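> curious how this folds, go ahead:
(one chain, ligands or ions: 1)
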Amino acid sequence: FTDPRDVFAINSLYTSLGYPLLPGWVPYGLDPCGDKWHGVLCVNSNVTAIVLNDSNLGGELSEGIGSFASIIQINLSNNHIGGSIPSNLPVTVKTLSLSGNQLTGSIPDTISSLGQLSDLSLNNNHLNGVIPDAFQQLKSLINMDLSGNSLSGQLPPSMGNLPSLITLHLQNNQLSGILDVLQDLALTDLNIENNLFSGPIPSKLLSIPTFRRAGNPFNTTIIPSPPVISPSPAPFAVLSPDVAPSQPFTVPSGQGLQHSGGQKSSNSTKHVKVIAIAGLLTLVILGLGVCLLMSRFLKRRRESQKETKRHHAYSSSKGSPKHDHSVQKPYYDAEKAGLRPVTGNRKAQGNISMNTSEAVQHKGMKSTTSYTDDDLDSEMESTVSDILPPPPPPFLSALSAERMVVNPILPPITSVRHAMKNVNSAEFFTIASLQQYTNSFSQDNLIGGGMLGTVYRAESPKKLLAVKKLDTAVTRRQSDQEFVGMVSNISGLKHENIVKLVGYCSEHGQRLLVYEYCRYGTLHEALHLDDEIHRKLSWSTRVRIAHQAARALEYLHEVCHPPIVHQNFKSANVLLDDELAVRMSDCGLAPLMSSDSTTQLQGCGYGAPELELGSYSCQSDVYSFGVVMLELLTGRKSYDRSRPRGEQLLVRWAIPRLHDIDALSRMVDPSLNGSYPSKSLSRFADIISLCIQSEPEFRPPMSEIVQNLLHMI
Ligand SMILES: Nc1ncnc2c1ncn2[C@@H]1O[C@H](COP(=O)(O)OP(=O)(O)OP(=O)(O)O)[C@@H](O)[C@H]1O
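Purely as a prediction, here's the structure:
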């Protein structure tokens, strides 16, 4: 039989992970070793390893895992495990791999008790706070990876006391301070990229065979007196990842010291000459380029004017109805209150719009091949009419003007330099300014985190903001150009029930989205966590919230073109402003979602059944919307592990009750104390039933739901 301590530990782990389906595993099993539980390795009656990486595990880790008697390896990496790292860890463990999960909170200082530990991987989670000063006893630690989290503060002194440490990965955090503590370690691989470390870099570190350090605001003042040519000191002089550290103005410390002063000044004079000649040449080339492009531009404009005149002549000769040129605006401007789709025309419009955007895209492509950077700049800033094709032929005006919209596709952007600009209405923020507004992304300003990143409260001189710092694992999914394109699209979303994207930042490998701040947080918090706001949620307020959220989705699905599928609609993405009005968040972020995101949506009880087949459409958002309405009606969470088994998944529990008037009145949120009109309640329940049907094609479009809710109001 398995050692009882291991039996206890593994059962508590199984419970906290939410009883995942794993071959051989059973709740309260008494002999995991004898019964050969999948991923469990034993020696005699003791569990020595749990290897369940990439096993689609959710839930959390339990404190009980500290009870394993002689476990050596725990590998639970690349799952969806949330919660925090237990403070009670098994002291015998040598390999602890929890990377690629959703772990939050800080690294417990009890890791100090893991005297046998040789490999620690906590990378790519949502860990925050300072790294604890707990490495004093970890004499066996060889590899440590804490990268891709939101760790902040300075490196603790005991980190300098790791005699066996060879690999240290700390990249993509918000760590600050100097690196002195690392200088006496025997490292062969050190990565500290994209943090907030300041210099100077200890010269010993420069001899580490693999030392990656770009994206830190190192201080280069260690280089003594020589007239090194440097760019004018920015308030936040960060080494750009695109600038090779060996370039003259970024050479940190030691390297520059090896030359004599005389050599240096002659080198500098040479540099000045080379730079001056290069500058002159660049100016000449730019001048020629501008002339060439001006002539091309004027020619194009003449052609376009001819085209327009031709069209006007044609329209008036036909006596066609007034052609509303406003339909040529970027498509987001087409939002008008209560805009309804012309469903019958949907297909035809789709084709027409596609042709139009193809034309735009074509033009954009042309511009990359024949334009200089500066021309691209001016094109980005030029009026949309310059990007748009000539007015459509008259037969198009028979279609709904509201739907005749064009995606404001920007000309392709060829370099990161272009990203350093305002995009659409989104302001460009430097990382230094955001650092200032968030008090260096301090714990106090941390509001929350999700699968895409971490959100901080930011106090700008103008107003309060919410800054979403995207995880590196997430940003890796997009090029700079795609990111700016996404920002442009999000900033074009103009709807009173969609949270406004104020700006963005893309610097030094970090990408951040800056939104207006919503004081009342999310509907999830209001319904399930914050009693004070919960009390404010009367029945009429709930119906109004549902209506406003429905309008936001209607806008994405039926006003925007091509339709935008939210892909992550849930009460945690329904923000509430000062008036408890809805400001839906995470709109337009679907390009950042991975298949893990979909799995997570399912795990939380919002995912429609078709997600299993990898299909996600507007109708899947409708399903999720139905689940949020259920939360509003019942005050219950979409998935609640603390409830009895049959009640955990809200949809499953609610479906049979929605059509029975008695059952329905029993499932209403008790905090409403019966204060609701029963007719309104059954209408609300009817809408829910339509939304959560398992066949996506039977679910109503959002516009229909908006109308139904409007009638109730
Ligand atoms: N504009 C905002 N104003 C105020 N609080 C915000 C704002 N945006 C997000 N938050 C807070 O930050 C938390 C995290 O938001 P985020 O969108 O990153 O995660 P999520 O939507 O809860 O989860 P996921 O992204 O995994 O779906 C939210 O729960 C909310 O409390």
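> number of residues surrounding the nearest residue to residue 163 once chain neighbours are set aside?
Leaving aside its chain neighbours, residue 163 sits nearest to residue 139 (5.9 Å; criterion: CB to CB, 6 or more residues apart in numbering). Bear in mind the C-beta positions are built from the backbone N, C-alpha and C, glycine included. Residue 139: 15 surrounding residues under other CB atoms under 10 Å.
> please begin residue numbering at 30 from this point
In the new count, where the first residue is 30, that last one comes out as residue 168.
> residue 168 in helix, strand or coil?
Following DSSP: H, G, I helix; E, B strand; the rest coil, residue 168 is assigned to coil.
> who touches it in this structure?
144, 191-193 (CB atoms under 8 Å, 6 or more residues apart in numbering).
> where does residue 496 land in three-state SS?
strand.
> bridging residues for it?
residue 485, residue 543 (DSSP bridges).
> looks like it contacts residue 464 (just checking).
No: between residue 496 and residue 464 there is no contact under CB atoms under 8 Å: 9.9 Å.
> look at those two and report which has more neighbours.
The residue with more neighbours, out of residue 496 and residue 464, is residue 496; 28 against 21, by other CB under 10 Å.
> which residues does the more buried one contact?
463, 466-467, 484-487, 541-544 are the contacts of residue 496 under CB under 8 Å, 6+ apart.
> I'd like the distance between the residue of the stretch 430-579 of the chain at minimum distance from the ligand and residue 651.
Proximity of the stretch 430-579 of the chain to the ligand (CB to the nearest ligand atom) peaks at residue 479, 2.3 Å away. Distance check for residue 479 against residue 651: by CB to CB, to the nearest Å, it reads 22 Å.
> so between these two, which is more surrounded?
Using other CB under 10 Å as the criterion, residue 479 and residue 651 rank with residue 651 on top: 25 against 20.
> dihedrals phi and psi, the most centrally placed residue in the chain?
Nearest residue to the geometric centre of the chain (CA atoms, centre = their mean): residue 481, 3.1 Å. With angles defined as degrees, to the nearest 10, residue 481 sits at phi -100, psi -20.
> chain neighbours aside, what residue packs nearest to it?
residue 503 (5.1 Å).
> quick one: residue 211 and residue 186 touch, right?
No: with contacts defined as CB under 8 Å, residue 211 does not count as touching residue 186, sitting 11.1 Å away.
> who has more neighbours, these two?
residue 211 (22 against 12).
> if we can go back for a sec, next one: the residue nearest to the centre of the chain from residue 57, what distance?
Relative to residue 57, and taking CB to CB, residue 481 is found at 37 Å.
> low-confidence ranges, the stretch 180-329 of the chain, go.
248-329 (pLDDT under 70).
> go again with 80.
Scanning the stretch 180-329 of the chain for pLDDT under 80 picks out the ranges 228, 248-329.
> pLDDT wise, what is the residue of the stretch 430-579 of the chain closest to the ligand at?
Note on residue 479: pLDDT of 83.
> who touches the nearest residue in space to it that is not next to it in sequence in this structure?
Ranked by CB to CB, 6+ apart and with sequence neighbours excluded, the top spatial neighbour of residue 479 is residue 601, at 7.4 Å. Residue 601 makes contacts with 479, 551-554, as judged by CB under 8 Å, 6+ apart.
> tell me which two in those residues are the farthest apart.
479 and 552 (14.6 Å; CB to CB).
> do you know how far the residue in the stretch 180-329 of the chain that the ligand sits nearest to is from residue 51?
Across the stretch 180-329 of the chain, the shortest distance to the ligand (CB to the nearest ligand atom) belongs to residue 203, at 16.0 Å. Taking CB to CB as the measure, residue 203 falls 36 Å from residue 51.
> looking at these two, which is more packed in?
With neighbours defined as other CB under 10 Å, residue 203 and residue 51 compare such that residue 203 has more, 21 against 17.
> so that one sits right up against residue 221, yeah?
No: using CB under 8 Å, residue 203 makes no contact with residue 221, being 11.8 Å away.
> one step back: any chance of the contacts of residue 601 in CSV with secondary structure as columns?
Shown next, in CSV, are the contacts of residue 601 (three-state DSSP):
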residue, secondary structure
479, coil
551, strand
552, helix
553, helix
554, helix
